[in-house]
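[1] coordinates for the following, if possible.
(one chain, ligands or ions: 1)
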Amino acid sequence: MTPSGRGTPPTLVQRPQALHELAPGLALARGGPGRALNVYLLGDIVLDAGVRWSRRRLARQLAGRQLTAHVLTHAHFDHAGSSAWLCRSLGVPLWCGAGDAAAISSGRVDSHGSPLVNRLQRTLAPVAAHPVSRTLGEGDLVAGFEVLEVPGHSPGALAFWRARDRVLVCGDVVANFGLHPARPRLVLAPAALSSDYAQNRRSAARLAALRPRLACFGHGFAVTDPGRFAAALDQLVPTSP
Ligand SMILES: [Zn+2]
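    Residues are numbered from 1 along each chain as shown. Presented below is the predicted three-dimensional model:
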C-alpha cells in the first residue's frame with residue numbers, strides 16, 4: 001500500500017467490510033449514498049470509482065481486500081473521480097476502453113456537450129490524470145466477464161457481460177432512476193451528456209437484446225427481471241428486437 005496523496009487520505013489497510021453480493025463474483029460497493037454512484041467488484045477487480053469525494057467511502061469498503069486492477073466503464077467525473085487515488089493506494093493498474101484512454105490519462109475528462117459546462121466541471125469536480133496500462137476492447141475477458149464496446153455515452157464506454165448466468169454490468173449506457181428496487185425507471189443519458197446520442201441508443205438496443213437476468217447500472221438499483229429490463233429498454237429504444 002502506498003500513501004494516497006494530499007491532505008488526510010484514507011488508507012486501505014483496515015479490515016474488510018462486507019459488500020452486497022449481487023451474483024457469484026460480482027459485489028456492489030458504493031461511491032455515494034444509496035445507489036447514487038455504484039462501484040462494483042468483478043472478482044478482484046474494481047469497476048469504476050465514483051467521484052473524487054468517494055475516497056473515504058471506498059477506502060472503508062475496499063480495505064483489506066486483495067485487488068488486482070481498476071477498470072472504468074467510462075471516463076466521466078462520476079466514475080473516474082477517485083480512480084487515480086484508487087490505483088495509487090492499491091498499487092494496481094488502470095484499464096479502460098481505448099476511446100476514453102486519452103481523457104483519463106490527461107485528466108481532461110469531458111462529460112458534457114457544452115465546453116462551458118465541462119470547464120466548470122473540471123473546476124468543481126476535477127479528475128486527476130492517471131496513466132492507462134491497458135485498453136480493453138470487444139471480447140476481452142475481465143474476471144470472467146466479456147467486454148462489450150458500447151460507445152455513445154462516451155467514446156470508449158464499456159459494458160461487461162457474463163453469458164453463463166446472463167449477468168450484465170452496463171455502466172451508463174442506461175441508468176435506473178427508480179427509487180424502489182421493484183419499480184425500475186430506466187433512462188438514457190440526454191444528448192448533452194452523450195458523446196454520440198444516436199450511437200448510445202444503438203448500444204442500449206444491443207444490451208436489451210441480451211435479455212440479462214441481472215442488469216447492473218452505474219446509477220440505481222439492479223434489475224433482476226429480464227423481461228422488465230428488455231421491455232423498459234424497448235420503450236426507450238423502439239428499434240430493439
Ligand atoms: Zn455516471
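
[2] doesn't Q17 belong to a helix?
    No: counting by DSSP: H, G, I helix; E, B strand; the rest coil, Q17 is not found in a helix; it is coil.

[3] how about the least confident helix or strand in the chain by mean pLDDT, does it reach the ion?
    Across the helices and strands of the chain, mean confidence by mean pLDDT, DSSP states H and E is lowest for helix 115-124: a mean of 81. No: Helix 115-124 is not in contact with the ion by Cβ under 5 Å from the ion; minimum separation 12.3 Å. (C-beta placed from N, C-alpha, C; glycine too.)

[4] mind listing what's buried along that helix?
    N118, Q121 (16 or more other Cβ atoms under 10 Å).

[5] show me the contact partners of the helix or strand that it is followed by.
    Toward the C-terminal end, the helix or strand that comes next after helix 115-124 (DSSP states H and E) is strand 134-136. With contact meaning Cβ atoms under 8 Å, 6 or more residues apart in numbering, strand 134-136 is reached by V71, P93, W95, C96, G97, A98, A101, V142, V147, G156, L158.

[6] just among these, which is most surrounded?
    L158 (32 neighbours; other Cβ atoms under 10 Å).

[7] and it, what does it touch?
    V71, L72, T73, H74, C96, G97, L136, V147, L148, E149, V150, G171.

[8] roughly how far does it sit from the ion?
    13 Å (Cβ to the ion, to the nearest Å).

[9] go on, S105?
    Taking Cβ to the ion, one finds S105 at 19 Å from the ion.

[10] thought that residue was touching V127?
    No: taking contacts as Cβ atoms under 8 Å, S105 lies outside contact range of V127: 10.8 Å.

[11] of these two, which one has the most company?
    V127 (27 against 16).

[12] around the ion, which positions in the protein sit nearby?
    Counting by Cβ under 5 Å from the ion, the residues of the chain near the ion are D78, D172, G218.

[13] so where do the helices sit in this structure?
    Per DSSP state H, the chain has helices spanning 55-62, 77-80, 83-90, 101-106, 115-124, 197-210, 226-236. These are given in chain order.

[14] so which of those helices is the most surrounded?
    The highest average neighbour count among the helices of the chain, using mean count of other Cβ atoms under 10 Å, belongs to helix 77-80 at a mean of 27.

[15] what about that one, average pLDDT?
    Average pLDDT, helix 77-80: 96.

[16] how about residues contacting that helix?
    The contact list for helix 77-80, computed with Cβ under 8 Å, 6+ apart, reads 31, 37, 48-52, 72-74, 104, 109, 111, 121, 125-127, 171-172, 218.

[17] just the buried residues from these, in ChimeraX please.
    Entered in ChimeraX, the line below selects the buried ones among those, by 16+ other Cβ under 10 Å:
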select :31,37,48,49,50,51,52,72,73,74,104,109,111,121,125,127,171,172,218
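
[18] returning to that earlier point: quick one: the least confident helix or strand of the chain to chain centroid distance?
    21 Å (Cα atoms, centre = their mean, to the nearest Å).

[19] specify which member of the contacts of strand 134-136 is nearest to the ion.
    L158 (13.2 Å; Cβ to the ion).
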